[in-house]
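S.K.: I would like to see how this sequence folds:
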Amino acid sequence: MVLEDKTIPEDFAVDETLAAAIRDQLDDGKLACATAFKIAAAHDVTPLQVGRTADVLQIHLTRCQLGLFGYPGHTKGWDAAHIADQPIPDGLPAALQSRRDTNGNLACLTLWQLAKEFHVSKMLVGYLADQLNIKITPCQLGAF
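M.R.: Numbers count the residues shown, from 1 in each chain. Down below sits the predicted model:
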């Protein structure tokens, strides 16, 4: 989803301290997903608040930890990391399928939980969801 298509709640107010923290951590004018989560933790706010603040500031998110977007050449992160070469733990594909919501989607947070549960990288779980044609939504930062 592009910034222009995003809808921010009318009552959303930008916290200037948070905005400054975001601006201080930009890399080539963009905010990396992992950095957004660190900012959220440091400021005791939700990742969504950081994501919405970035949206209002017209700052693009990059380097999705699931590998979905924000990598050079518009490639998926798992391509550069050669994730396809990694072994897939027994039971992970079934776990992905079984945790789909009523629309057949998986939330970003669910994928993070599965990565932790199966002791694998978030990017491997993102890659596998993609291979299984599972749509990932919503993003914890509000990117999609």
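S.K.: hey, C-alpha coordinates of the helix or strand of the chain with the lowest mean pLDDT in PDB?
M.R.: When each helix and strand of the chain is scored by mean pLDDT, DSSP states H and E, helix 77-80 comes last, with a mean of 92. Output in PDB follows, covering the C-alpha atoms of helix 77-80 (Å, rounded to 0.1, in the frame of the first residue of the first chain):
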ATOM      1  CA  GLY A  77      14.000  -9.800   1.200                       C
ATOM      2  CA  TRP A  78      14.200 -13.500   1.100                       C
ATOM      3  CA  ASP A  79      15.800 -13.500  -2.300                       C
ATOM      4  CA  ALA A  80      18.900 -11.600  -1.100                       C
END
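S.K.: Now do the buried residues in it.
M.R.: Judged by neighbour count using 16 or more other CB atoms under 10 Å, the buried positions of helix 77-80 are 77-78. For every residue, glycine as well, the C-beta is placed using N, CA and C.
S.K.: what do you get for stretch 58-70?
M.R.: Within stretch 58-70, the residues that count as buried by 16+ other CB under 10 Å are 59-70.
S.K.: Break this protein into its domains for me.
M.R.: When the chain is parsed with automatic domain parsing, its domains come out as 3-62, 82-131.
S.K.: Going by mean pLDDT, which of these comes out lowest?
M.R.: Mean pLDDT is lowest for domain 3-62 among these, at a mean of 93.
S.K.: tell me how far it is from the chain's mean position?
M.R.: With CA atoms, centre = their mean, to the nearest Å as the basis, domain 3-62 stands 13 Å off its chain's centre.
S.K.: neighbouring contacts of stretch 38-54?
M.R.: 8-9, 12, 14-15, 17-19, 21-22, 25, 31, 36-37, 60-61, 139-143 (CB atoms under 8 Å, 6 or more residues apart in numbering).
S.K.: now, which of these lie within helices?
M.R.: Of the positions in the contacts of stretch 38-54, 17-19, 21-22, 36-37 sit in helices, assigned by DSSP state H.
S.K.: Just among these, which is most surrounded?
M.R.: Highest neighbour count within those, by other CB atoms under 10 Å: residue 36, with 27 neighbours.
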